[in-house]
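In: below is the sequence, then the predicted model.
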Amino acid sequence: MKKIIVLVLLLCLQSVWAQAADLKIGVFSLEDVIAQCDAHKEKTRKIEQEFAPRQKQIKNLEAEIKDRYAQYRNASATMKPASKSALSAELVRASRDFDAKNGELQNSVYEAEERAYGEVRAIIDMAAGEIGKKGGYSLLVDKETLRAYYMAATMDVTDVMIKEVNRIWKEKPTGIK
């Protein structure tokens, strides 16, 4: 009896090993691919070029406001109250203007980076599909997030999962209403 159980167990394991031998999984670092791919480098360079003039304007505006504030601090002791109040209000307006322009710039840069990132991700998805098919992979996975970027059609068990969920639902095990 013991020999029969061992024999059946070995036959089952042989079947599992045969299926596993057909499984080819590729793992990559999405972070490294993005950082090192030419598409990302080119898009980053274009974004930097596009926004460089506005960033320079913002830095100049910031320096101007700092200089005006330093002048205000130095001269405020000798200023008339009305002049002091007017200059203070002008500095507050300039500071608010700077904050608004800087916020707009940061939002514009963020939106451009997100668009570029989406475009690079689309290229990565296409590359994963090509590598998966040509390389005979069953699965290509990002090693940091474990997100699958390619999966062979033979790995899709959605129909089997639906049938099993329906079977369990019909049996209504304890704890399921």
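Out: Good, I have the coordinates. Values in this document were obtained by computation on a predicted structure and should not be read as measured data. Numbers count the residues shown, from 1 in each chain.
In: so which residues of the chain form strands?
Out: With strands called from DSSP state E, the chain shows them at 25-28, 139-142, 148-151.
In: could you dump those strands into TSV with mean neighbour count and mean pLDDT added?
Out: (Each C-beta comes from the backbone N, C-alpha and C, glycine too.) Below are these laid out as TSV (neighbours: other C-beta atoms under 10 Å; pLDDT from 0 to 100):
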stretch	mean neighbour count	mean pLDDT
strand 25-28	14	95
strand 139-142	19	95
strand 148-151	18	94
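In: in CSV, list those along with distance to Arg167.
Out: CSV is the format used below for those (distance: least, C-beta to C-beta, whole Å):
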stretch, distance to Arg167
strand 25-28, 29
strand 139-142, 26
strand 148-151, 24
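In: among those strands, which is nearest Arg54?
Out: Proximity to Arg54 (C-beta to C-beta) singles out strand 139-142 among those, at 34.1 Å.
In: how about residues contacting that closest one?
Out: Here strand 139-142 makes contact (C-beta atoms under 8 Å, 6 or more residues apart in numbering) with 23-30, 128, 131-132, 147-152, 155.
In: Lys66: which of the strands of the chain is closest?
Out: strand 139-142 (44.2 Å).
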